[in-house]
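Student: Below: sequence and its predicted model.
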Amino acid sequence: MVWNPGKLLFGGRYIIESQLGEGGIGITYLARNQRNELRVIKTLKEEILNNPAWILHRNKLRQDFRDEAVRLAVCHHPHVVQIETIFDEGNLPCIVMEYIEGEDLGQRLKRVGILPEAEAVLYIHQIGDALTLIHSKGLLHRDLKPRNIMIRIDKPEAVLIDFGIAREFIPNAIQRHTVYRTPGFAPPEQYELEAPRGEYIDIYALAATLYNLLTAVVPTNADDRRHNITLEPPQFFNPHISNRVNQAIMRGMDLESTYRPQSVQEWLNLLDSDPRENVASAPFPSAITLLTQPPERVAPTPVPVVMEHHNWRCVQTLRGHSSMVNAIAISPDGQLIASGSNDNTIKIWQLNNGKLLRHLGRWFSGHSSMVHSVAFSPYDQLLTSGSWDNTIKIWQVNTGKELTTLTGHTNWVNSVAFSPDGKLLASGSADSTIKIWQVHTNREIQTFIGHTDSVWSVAWSQNGEILASGSADYTIKLWHVNTGREITTLTGHSFFVNCIAWSQNGEMLASGSSDNTIKLWQIRTGREICTLRGHSNSVSSIAWSQNEPIIASGSWDYTIKLWHVNTGKEITTLTDHTNYVRAIAFSPDGKTLVSGSDDDTIKIWRKE
């Protein structure tokens, strides 16, 4: 029996929208909950339960199915599909999971062909991070493959799904294996009825998945390899794969489990970036004379500056959001913090004591999807917010009142920024455009078109004449605001540019990327000054100190790093967050740093 659209489940708490797919014993549906949110409901096929061959085993089948939900429930991680609840509908057990809008890596591979190495390695790092948690819970996934990894739409985030054959394990203890396996991705141990279990089982499959993503070839299956059929190295099919990644894949897919890395982290370390820097040298076109510095002026030679204080400490953790904190802004007077969250709300806090002052966007006002960016006006008591409901809102800070909603973007609003005089507002969107709005009239006055993928960040030069934008097309563009003309494009990053920020004197621009690096650019010449390396995952946010040559960077590796601009050296690493750091901001005096994270908290850091 198949549930038709409109079918009510669990006492009317869920309503079926459509069937998504089916496998050997299971079937999945798209449904809505009582909050009108899309969910996936997975259940067993009724014909399987009623099949004479399964009747003696159907109680175990139901129990194994429920065990999948339990295994998922203990693995709360941004790269693991999350469950909402489990229930029985008649004799059918049901698992309700988050709906991930996007495509699985198998579909992506079929649609676009071989993935770029940087993109594939990013996804593998994310899934590897999830596996580290899964293994710490005493579980093995045992069915890693591209079809079991979803990529969120317009967002470089991989999510591990389908824990149907996940099992508990005691490292290296002999345990019985099920017959389920995917040829090409399953290690030789899964071809044995009884064999030791360890993290190396998932490491083989993770390496095989990366092999497939970089070559579009399914690796030779382990059973054939044991019968002397060769596994060609991935470089055989794709000569553009780096030696480092090629060797890591072959190490991870060694037929002998003891020769593979024995932990996921050990294997991921083999994929780490080459420490050598690649400094760009292409100059800007003559249109760069529109910038703040006249062309004949020579930028000062960087001189090392001795910093008096390098010690930063987390002095307070603010809790109040019910989901990840995507955005942080500090008011120009240094008194207030604004935070935007995946719970669709904005909160205003006092910086000095962490007191929550007000909520913006509760009840009947506010955004209907996550708040991805917030910014204070430099003069008026105004706050703006950009959301994945495709809108921008402007709020009165002292009352919390919503003043207006700006519509015009046709996809998520990822970034918002007031001009230095507060008269204009810029917004960057997943529709690949940047829009300029006149604040006092709420009117859209310009649209900048040139990026070929989502715009993740926008930032104004200090004189308000130039707008910079960072995009998922791997580039940074500079625009002349008055004319709407593109001045130049900065290239050098090998993956999404997530964040950009101007130096206080307007002579440099910093950019952070999903290639795990930060780049500093000299605006007068358009040259890349240096690349800052040290993060082991995407750089999601950067901020300049206003009174010292320091940059702070927040990353998906759960850390914040502080860097000395003149030397390019890492000063310190802050490690109190327990999940992705999404947003950071310096106070105007440079003595306080505020960060927001996927651990649902805001942390206040002060220099000692």
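Tutor: That came through, no problem. Numbering: from 1, shown residues only.

Student: From here on, just use CA atoms for contacts and neighbour counts.
Tutor: OK.

Student: Now for the closest residue to S263 other than its chain neighbours: which residues touch it?
Tutor: Counting by C-alpha to C-alpha, 6 or more residues apart in numbering, S263 lies nearest to E199, which is 5.8 Å off, once chain neighbours are set aside. Residues counted as contacts of E199 (C-alpha atoms under 8 Å, 6 or more residues apart in numbering) are H135, L140, P171, Q262, S263, V264.

Student: Now, these that are in strands?
Tutor: Of the positions in these, L140 sit in strands, assigned by DSSP state E.

Student: What's the ChimeraX line that selects buried ones from the contacts of E199?
Tutor: Here is the ChimeraX selection string for the buried members of these, based on 16 or more other C-alpha atoms under 10 Å:
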select :135,140,262,263,264
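
Student: Let me know the closest of the contacts of E199 to K561.
Tutor: Nearest to K561 out of these is V264 (C-alpha to C-alpha; 24.0 Å).

Student: got a list of what the closest one touches?
Tutor: When contacts are counted by C-alpha under 8 Å, 6+ apart, V264 touches G128, D129, L131, T132, E199, Y200, I203.

Student: ok, which stretches of the stretch 451-600 of the chain are helices?
Tutor: Residue ranges of helices cannot be listed for the stretch 451-600 of the chain, since DSSP state H, counting those that start in this stretch assigns none.

Student: Please enumerate the strands of it.
Tutor: For the stretch 451-600 of the chain, strands defined by DSSP state E, counting those that start in this stretch occupy the ranges 455-460, 466-471, 476-480, 485-490, 497-502, 508-513, 517-522, 527-533, 539-544, 550-555, 560-564, 569-574, 581-586, 592-597.

Student: Make JSON lines from the ones you listed and add mean neighbour count to it.
Tutor: Shown next, in JSON lines, are the strands of the stretch 451-600 of the chain (neighbours: other C-alpha atoms under 10 Å):
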{"stretch": "strand 455-460", "mean neighbour count": "28"}
{"stretch": "strand 466-471", "mean neighbour count": "26"}
{"stretch": "strand 476-480", "mean neighbour count": "22"}
{"stretch": "strand 485-490", "mean neighbour count": "18"}
{"stretch": "strand 497-502", "mean neighbour count": "27"}
{"stretch": "strand 508-513", "mean neighbour count": "25"}
{"stretch": "strand 517-522", "mean neighbour count": "22"}
{"stretch": "strand 527-533", "mean neighbour count": "20"}
{"stretch": "strand 539-544", "mean neighbour count": "27"}
{"stretch": "strand 550-555", "mean neighbour count": "25"}
{"stretch": "strand 560-564", "mean neighbour count": "21"}
{"stretch": "strand 569-574", "mean neighbour count": "16"}
{"stretch": "strand 581-586", "mean neighbour count": "27"}
{"stretch": "strand 592-597", "mean neighbour count": "26"}
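
Student: Dump those strands to JSON lines, plus mean pLDDT and distance to L44.
Tutor: As requested, the strands of the stretch 451-600 of the chain are arranged in JSON lines below (pLDDT from 0 to 100; distance: least, C-alpha to C-alpha, whole Å):
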{"stretch": "strand 455-460", "mean pLDDT": "96", "distance to L44": "41"}
{"stretch": "strand 466-471", "mean pLDDT": "96", "distance to L44": "42"}
{"stretch": "strand 476-480", "mean pLDDT": "95", "distance to L44": "49"}
{"stretch": "strand 485-490", "mean pLDDT": "93", "distance to L44": "52"}
{"stretch": "strand 497-502", "mean pLDDT": "96", "distance to L44": "41"}
{"stretch": "strand 508-513", "mean pLDDT": "96", "distance to L44": "42"}
{"stretch": "strand 517-522", "mean pLDDT": "95", "distance to L44": "45"}
{"stretch": "strand 527-533", "mean pLDDT": "93", "distance to L44": "48"}
{"stretch": "strand 539-544", "mean pLDDT": "96", "distance to L44": "40"}
{"stretch": "strand 550-555", "mean pLDDT": "96", "distance to L44": "40"}
{"stretch": "strand 560-564", "mean pLDDT": "96", "distance to L44": "45"}
{"stretch": "strand 569-574", "mean pLDDT": "94", "distance to L44": "46"}
{"stretch": "strand 581-586", "mean pLDDT": "96", "distance to L44": "38"}
{"stretch": "strand 592-597", "mean pLDDT": "97", "distance to L44": "37"}
